[in-house]
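> Sequence plus the predicted model coming up.
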Amino acid sequence: MTLQIGAIGCGAIGQDHIRRISRVLSGARVVAVTDIDAQQARDVVAGHDPAIEIMDSGRALIAAPQVQAVLVTSWGPSHEELVLEAIAHGKPVFCEKPLAVTAAGCMRIVQAEVAQGRRLVQVGFMRPYDAGYRALRHVIAAGEIGAPLMVHCAHRNPTVAGGYTTSMAITDTLIHELDVLRWLLDDDYASAQVVFPRKTRHALPHLNDPQIILLETVGGVRIDVEVFVNCRYGYDIQCEVVGETGIARLPEPAAVPMKRAASSCTPLLTDWKQRFIAAYDAELQAFIDGVRDRQLTGPSAWDGYAAAVAADACLLAQSSGAIEHMASAARPAFYQP
């Protein structure tokens, strides 16, 4: 059976997911799209399959009988309503981050899914599908470095668009670390603090960059994450876990070392799509397979909620400068491993 997917949102990430469903992955096809920009939707249809139907709205697409599963890649504040609508129709939904723009919104989704009695939601956190992170998690879980004590991370971009704000360092950038580090350590967060080093001259006046986010988990692990989105030299993701008996690092992406012009160098990536393209493919294939098997296994609505709680605390810490403690609801039995 070929899974028939309706896509809501035809921006950059939406187009990329539609491309991979149509040309890279197996077991699914896009049968309907919608976008607030009608021309963008028409361009997607013209570039992939003239048989794809353009719908008037997200609600109409979700209700369409030919749509068996929903892909949400629209503007972030629209996600909550669309995911709740898909759940109400009993249709599986893959939602790009954020699941909702507040922890309260994520909790409403959690409650709706629990009421349905089966998992219908997968959140678009792709890093748990990255081969390097999976290898790092295996090393930690196998006890090869002993119990984790500290984690040092960095999330660096060469530059960002002019509309990027200080808070987006949390909601758009750090959010990936907030998800993957919970998964990596199998631990929840207890508190957060944000400190601002000297500002880079490459940041626009409205943006504080870089930032350092200090997290503590319930189990006592201390985490520091450097977010530096105007580093200029490339796209660079670092993660080092210090354990009781050893240290484990996230592997670097494969690249060809070169010696030329009296120098020795290894090229660096400059784009997040290149760095995680295989993980994006794997997460969406996992969703397709999970829907067909009636058993979703990817990041859940609860994971989306936990990331939102942590993000809210980090946003508060940006303005207060204090250590902000996190108050999360108890995880429902529905989401227990």
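In hand now; what should we look at?

> Work out for me the element S191 sits within.
Secondary structure assigned from DSSP states H and E places S191 in strand 189-195.

> what packs against that strand?
strand 211-217, helix 301-320, strand 324-325 (3 or more CB pairs under 8 Å, 6 or more residues apart in numbering; DSSP states H and E). For glycine as for every other residue, the C-beta is placed from the backbone atoms N, C-alpha and C.

> how far off strand 189-195 does the second one point, in degrees?
Counting by axes from the mean of the first three to the mean of the last three CA atoms, to 10 degrees, helix 301-320 points 40 degrees away from the direction of strand 189-195.

> What is the neighbour count of the residue lying closest to V291 once chain neighbours are set aside?
Once its chain neighbours are removed from consideration, V291 has its nearest residue in P92; the separation is 4.6 Å (CB to CB, 6 or more residues apart in numbering). Look at P92: counted by other CB atoms under 10 Å, it has 24 neighbours.

> ok, P92 - contacts?
Contact partners of P92, counting by CB atoms under 8 Å, 6 or more residues apart in numbering, are 68-70, 86, 120-122, 287, 290-291, 296.

> who wins for most neighbours among those residues?
A86 (30 neighbours).

> Just list what the helix or strand containing that one packs against, helices and strands only.
Assigned by DSSP H and E, A86 belongs to helix 79-88. Using 3+ CB pairs under 8 Å, 6+ apart as the contact criterion, the secondary-structure elements in contact with helix 79-88 are helix 58-63, strand 69-72, strand 93-96, helix 103-116.

> now with 10 Å?
Contact analysis of helix 79-88 by 3 or more CB pairs under 10 Å, 6 or more residues apart in numbering; DSSP states H and E lists strand 3-8, helix 58-63, strand 69-72, strand 93-96, helix 103-116, strand 121-124, helix 301-320 as its packing neighbours.

> In space, what's closest to R19 - neighbours in sequence excluded?
For R19, the closest residue by CB to CB, 6+ apart turns out to be H48, at 7.3 Å.

> so what's that neighbour up against?
15, 18-19, 21-23, 29-30, 33 (CB atoms under 10 Å, 6 or more residues apart in numbering).

> Which among those residues count as buried?
For these, burial is judged from neighbour counts taken by 16 or more other CB atoms under 10 Å, and it is met by 15, 18, 21-22, 30, 33.

> Show the backbone phi and psi for the residue sitting furthest away from the middle of the chain.
Here the chain has its C-alpha centre computed as a mean, and the residue farthest from that point, by CA atoms, centre = their mean, is A262 with 40.4 Å. Here the main-chain torsion angles of A262 (degrees, to the nearest 10) amount to phi 60, psi 30.

> what does the one 10 residues further on give?
Here is the backbone geometry of W272 (degrees, to the nearest 10): phi -70, psi -30.

> separation between it and G117?
Counting by CB to CB, to the nearest Å, the separation of W272 from G117 is 36 Å.

> So between these two, which is more surrounded?
Neighbour count, other CB under 10 Å: between W272 and G117, W272 has more, with 16 against 9.

> just to revisit the earlier point, just put the helices and strands packed on helix 79-88 in a markdown table and tack on distance to W183 and mean pLDDT.
Listed next are the helices and strands packed on helix 79-88 as a markdown table, based on distance: least, CB to CB, whole Å; pLDDT from 0 to 100:
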| stretch | distance to W183 | mean pLDDT |
| --- | --- | --- |
| strand 3-8 | 25 | 98 |
| helix 58-63 | 29 | 98 |
| strand 69-72 | 21 | 98 |
| strand 93-96 | 17 | 98 |
| helix 103-116 | 17 | 97 |
| strand 121-124 | 12 | 98 |
| helix 301-320 | 8 | 97 |
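
> of all those, which lies closest to D186?
Nearest to D186 among the helices and strands packed on helix 79-88 is helix 301-320 (12.2 Å), distances taken as CB to CB.
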